[in-house]
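Chemist: sequence first, predicted model second:
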Amino acid sequence: MKNYVITMRSNAMSVGAAGKCIQSGRINNLKIDMFDAVTPSDDPVEMAQSLGINVAGFYDDQVYSRYENCVAAFMSHFSLWSMCLEQNEEFTIFEHDAIIVNHIPPYIPYKEIISLGKP
C-alpha cells in the first residue's frame, strides 16, 4: 500500500502541516510521501474539462468555498485515484492537515473508497 499527503509545496503552511502528517505516520508505522497538489495556478478547471469532467457543480456561493480551489482539490484527489488505478495498488490519501492519532489496521474490509476520519 502507498500513502500520500496532498501538499501545496509553494505554501510553507501546507508543507509544514504535511510534515506533521508524515511524522504522525512514522509514529504509527506508515511511510507517507508528499504528493504535489493541483493549485489554481495549474488551471484545474481546464484540466478537469480536458478529461471530460463537468465542473459546473463545483460552483458554490459560499465565502470559503472558492470555485477554483474546490476544483483544484478535487483534481488533486482525482490525480491520485488515477495513479492508484493505473498502478493497481491501494493508496491512502491524506489531506495536508491530517494527523494520524491511532494505528490504522493493515486490513480494513471495504469496497473502493473509505473515510478514516471522525466523526
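Modeler: That came in fine, so what should we check first? Numbering: from 1, shown residues only.

Chemist: alpha carbons only for contacts and neighbour counts from here, please
Modeler: Noted.

Chemist: looking at the chain, which strand is longest?
Modeler: If you go by DSSP state E, the chain has its longest strand at strand 2-7.

Chemist: got the angle between the helix or strand following that strand and strand 2-7?
Modeler: Proceeding C-terminally, strand 2-7 gives way to helix 12-27 as the next helix or strand, assigned by DSSP states H and E. Here helix 12-27 points in a direction 160 degrees away from that of strand 2-7 (axes from the mean of the first three to the mean of the last three C-alpha atoms, to 10 degrees).

Chemist: let me see the mean pLDDT of helix 12-27.
Modeler: Helix 12-27 shows a mean pLDDT of 97.

Chemist: pull out the buried residues from the helix or strand following that helix.
Modeler: Toward the C-terminus, helix 12-27 is succeeded by strand 33-36 as the next helix or strand (DSSP H and E). Buried positions in strand 33-36, judged by neighbour count with 16 or more other C-alpha atoms under 10 Å: 33, 34, 35.

Chemist: packing partners of the longest strand of the chain?
Modeler: In terms of contacts (3 or more C-alpha pairs under 8 Å, 6 or more residues apart in numbering; DSSP states H and E), strand 2-7 is packed against helix 12-27, strand 33-36, strand 91-94.

Chemist: which residues does residue 31 contact?
Modeler: Shown here is residue 31, whose contacts under the criterion C-alpha atoms under 8 Å, 6 or more residues apart in numbering are 2, 3, 22, 25.

Chemist: how about a cut-off of 10 Å?
Modeler: Contacts for residue 31 (C-alpha atoms under 10 Å, 6 or more residues apart in numbering) come out as 1, 2, 3, 4, 22, 23, 24, 25.

Chemist: and which of those is nearest residue 15?
Modeler: When those are compared for distance to residue 15 (C-alpha to C-alpha), residue 22 comes out closest, at 10.3 Å.

Chemist: returning to what we had before: which of the buried residues of strand 33-36 sits closest to residue 107?
Modeler: In terms of C-alpha to C-alpha, no member of these lies closer to residue 107 than residue 33, at 20.1 Å.

Chemist: just checking, the closest one touches residue 15?
Modeler: No - using C-alpha atoms under 10 Å, residue 33 is not in contact with residue 15; the gap is 11.7 Å.

Chemist: ok, and what's touching the helix or strand bottoming out on mean pLDDT in the chain?
Modeler: Taking mean pLDDT, DSSP states H and E as the measure, the helices and strands of the chain show their lowest mean at strand 91-94, namely a mean of 92. Under the criterion C-alpha under 10 Å, 6+ apart, residues 1-7, 18, 21-22, 32-35, 77, 80-81, 83-85, 100, 113-116 lie in contact with strand 91-94.
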